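1. Predicted model and sequence below, questions to follow.
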Amino acid sequence: MGLLICYLRVHQRSHTGEKPFPCVICGKSFRLKEMLRDHQFTHTSQKPYTCTLCTKTFTLATSFMRHRSIHSGEMPHSCRICGKQFRLLTFLKAHMQTKAHLRRAQQKSSGLEQNADMTVSDKHQCDM
């Protein structure tokens, strides 16, 4: 039961904004002790995370985990409109903001998805 209470306390910090672990070097505070530990590496030249496939080193665990997807080919983020897959969520978000994609999403929401590849142009006038 004690472990559950500990997890609950940590989770509550995400709602309260409490960050009880300050960095003694820059003063930035963190919700988790592990986050502070990773942050402290940014003040040193220490890079404790090493890719075993290409030997690239990383200061932060999150950067290392993001890097690993390059080697694995994992594409966990997919577009709900066209199905295209992306390695990083930021890449998917950028894809969602392209004009062509926004137009396709608009067509889909208005029931025109069967003609999603059609484009409207006012360059030519109909002679009929």
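-> Structure's in. What do you need? Numbers count the residues shown, from 1 in each chain.

2. Pretty sure Arg68 sits against Cys51.
-> Yes. With contact defined as C-beta atoms under 8 Å, Arg68 counts as touching Cys51 (6.9 Å). Placement of C-beta: from N, CA and C, glycine included.

3. Please, where are all the strands along the chain?
-> 21-22, 29-30, 49-50, 57-58, 77-78, 85-86 (DSSP state E).

4. Now do the buried residues in the longest helix anywhere in the chain.
-> Ranked by residue count under DSSP state H, the longest helix found in the chain is helix 2-16. The neighbour-count check on helix 2-16 (16 or more other C-beta atoms under 10 Å) flags nothing as buried.

5. Tally up the residues packed near the closest residue in space to Pro22 that isn't next to it in sequence, please.
-> Leaving aside its chain neighbours, Pro22 sits nearest to Ser29 (4.5 Å; criterion: C-beta to C-beta, 6 or more residues apart in numbering). Residues near Ser29, counting by other C-beta atoms under 10 Å, number 15.

6. Over to Asp38?
-> 19.

7. nearest spatial neighbour of it, skipping sequence neighbours?
-> Counting by C-beta to C-beta, 6+ apart, the residue nearest Asp38 is Leu60, at 5.1 Å.

8. what about the one you found, distance to Gly83?
-> Leu60 is 31 Å from Gly83, where distance means C-beta to C-beta, to the nearest Å.

9. Just want to know which of these two has more residues nearby.
-> Comparing Leu60 with Gly83 by other C-beta under 10 Å, the one with more neighbours is Leu60, at 16 against 7.

10. okay, the more buried one: pLDDT?
-> As summarised for this prediction, Leu60 has a pLDDT of 87.

11. what's near enough to touch it?
-> Asp38, Phe41, Thr42, Tyr49 (C-beta atoms under 8 Å, 6 or more residues apart in numbering).

12. where does it fall, phi/psi-wise?
-> Dihedral pair for Leu60: phi -110, psi 140, per degrees, to the nearest 10.
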